[in-house]
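Show me how the following folds:
(one chain, ligands or ions: 1)
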Amino acid sequence: MTAEAKVRRAVCPGSFDPVTNGHLDIIGRAAQLYDEVVVAVLINQTKSSLFSVDERLAMLTETTSGYGNVRVDAFRGLLVDYCRANDIPVIVKGLRAVSDFDYELEMAQMNRGLADVDTLFMPTNPEYSFLASSLVKEIATYGGDVSSLLPEQVHKRLLARVEELKEQR
Ligand code: PNS
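The predicted model follows:
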């Protein structure tokens, strides 16, 4: 063992449009396993989003502030390039159901082949196995109750954005 122990760092990547209780469950569990967890928001100009990258970062910062070892960042391009540049050897991903597995396995194997970056799959808490940001946005748009699926401040921002969009129509 060297005198200076290496920091064990992991990344939780995603769109987080917006962050849900399911994401936070995975981030919180990752924070118990690693010295430092970076929650990295993909900047993807080709995908339309409800919240800007800055808004998504603000919601993540607010909702992860209770963890001393979680920080929030944004990235463009390949996740493995971000990992290399930030000395992150592990990606942590939540698996909700078998239906997630094929795509996630493909990406995990590709990322390992590209840059030796490994992926740790964490089974989602069954309470959140059906939870996806896309569904939450759709339900909220049509007036459904998603308050139990999101942190309170995220829920408030979502309802406000839905109202703004209604007024613009
Ligand atoms: O929350 P999402 O949209 O399911 O997250 C997907 C994400 C951001 C993790 C994935 O699309 C990604 O890693 N994109 C970065 C681009 C990249 O590295 N693509 C090659 C993957 S093998």
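
Who is Val72 paired with across the strands?
Val72 forms beta bridges with Val39, as assigned by DSSP bridges.

May I have the residues that are in contact with it?
Val38, Val39, Ala40, Val41, Leu57, Leu60, Thr61, Thr64 (C-beta atoms under 8 Å, 6 or more residues apart in numbering). Backbone N, C-alpha and C define where each C-beta goes, glycine included.

Mind checking which of those are buried?
Neighbour counting over these (16 or more other C-beta atoms under 10 Å) leaves Val38, Val39, Ala40, Val41, Leu57, Leu60, Thr64 as the buried ones.

Could you find the closest non-adjacent residue to the fourth one?
Leaving aside its chain neighbours, Val41 sits nearest to Ala74 (4.6 Å; criterion: C-beta to C-beta, 6 or more residues apart in numbering).

Start from the N-terminal end of the chain and give the helices.
Applying DSSP state H to the chain gives helices spanning 21-33, 53-64, 79-85, 98-115, 133-141, 152-168.

Ser15 is nearest to which of those helices?
Among these, helix 133-141 comes nearest to Ser15, with 6.9 Å by C-beta to C-beta.

Centre of the chain to the closest one, how far?
In this view, helix 133-141 has its centroid 16 Å away from the chain centroid, taken as C-alpha atoms, centre = their mean, to the nearest Å.

List the buried residues in it.
Across helix 133-141, burial judged by 16+ other C-beta under 10 Å covers Ser133, Val136, Lys137, Ala140.

May I see the helices of the chain organised as a markdown table, with mean pLDDT added?
Below are the helices of the chain laid out as a markdown table (pLDDT from 0 to 100):
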| stretch | mean pLDDT |
| --- | --- |
| helix 21-33 | 98 |
| helix 53-64 | 98 |
| helix 79-85 | 98 |
| helix 98-115 | 96 |
| helix 133-141 | 97 |
| helix 152-168 | 96 |
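
Asn125 is nearest to which of the ones you listed?
Asn125 sits nearest to helix 21-33 of all the helices of the chain, at 4.9 Å, using C-beta to C-beta.

Could you check how far Gly46 is from Ser15?
Gly isn't right for residue 46; it's Thr. 12 Å (C-beta to C-beta, to the nearest Å).
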